[in-house]
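Undergrad: pasting a predicted model and its sequence here:
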Amino acid sequence: MSSLTTRRQTFAFIRGIPMMMGPQANFTQHGESRTWVSDRMPHLSTIVDELTFLRAVSTDQFNHAPAQLMVHTGSPRLGRPSLGSWVTYGLGTENQNLPGFVVLTSGGHNPDAGKSVWGSGFLPSVYQGVQCRSEGDPVLF
């Protein structure tokens, strides 16, 4: 497995080089692909050759908000359209009076990156996601 290096990294709110905790599970290679799998997922190791792993995606974002933006928009900075916005913009929608896509949040809390993770960025606002709420009116406005 590749090792994590902390040299030349700037950590928010931490001075100097932080003490990093290593993996909390044992990893071994499995299958013909020799894919590294944790011992905490024993069944996964038996079917590892039937899975597809995307290894080309990486980031150096370590704080939650920029990392969430990176996952949802492809950029760690505010102002980029979310994946749902691009799909709605590119493919359109089959209806004229319903949102192009809806957003369901977990636990009633917004993500650290805020509503920008489903926002339309520089695209027109008609392409942003619409949040469904668990209390009160399900959809505002």
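TA: Nice, I can see it. Numbering: from 1, shown residues only.

Undergrad: per-residue pLDDT, Q24?
TA: For Q24, the model assigns a pLDDT of 88.

Undergrad: and the strands in this structure?
TA: With DSSP state E as the criterion, the chain has strands at 27-30, 35-38, 102-104, 130-132.

Undergrad: list the contacts of the last one.
TA: Where contact means C-beta atoms under 8 Å, 6 or more residues apart in numbering, the residues beyond strand 130-132 that reach it are 99, 101-105, 115, 118, 138-140. The C-beta positions use only the backbone N, C-alpha and C, and glycine is treated the same way.

Undergrad: in JSON lines, list these along with pLDDT.
TA: Shown next, in JSON lines, are these (pLDDT from 0 to 100):
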{"residue": "P99", "pLDDT": "83"}
{"residue": "F101", "pLDDT": "88"}
{"residue": "V102", "pLDDT": "87"}
{"residue": "V103", "pLDDT": "88"}
{"residue": "L104", "pLDDT": "85"}
{"residue": "T105", "pLDDT": "82"}
{"residue": "K115", "pLDDT": "88"}
{"residue": "W118", "pLDDT": "91"}
{"residue": "P138", "pLDDT": "75"}
{"residue": "V139", "pLDDT": "75"}
{"residue": "L140", "pLDDT": "73"}
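
Undergrad: got CSV for those residues, with neighbour count and distance to T88 too?
TA: CSV is the format used below for the contacts of strand 130-132 (neighbours: other C-beta atoms under 10 Å; distance: C-beta to C-beta, whole Å):
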residue, neighbour count, distance to T88
P99, 18, 9
F101, 17, 6
V102, 14, 11
V103, 18, 12
L104, 9, 16
T105, 15, 19
K115, 14, 16
W118, 24, 11
P138, 11, 20
V139, 12, 16
L140, 9, 19
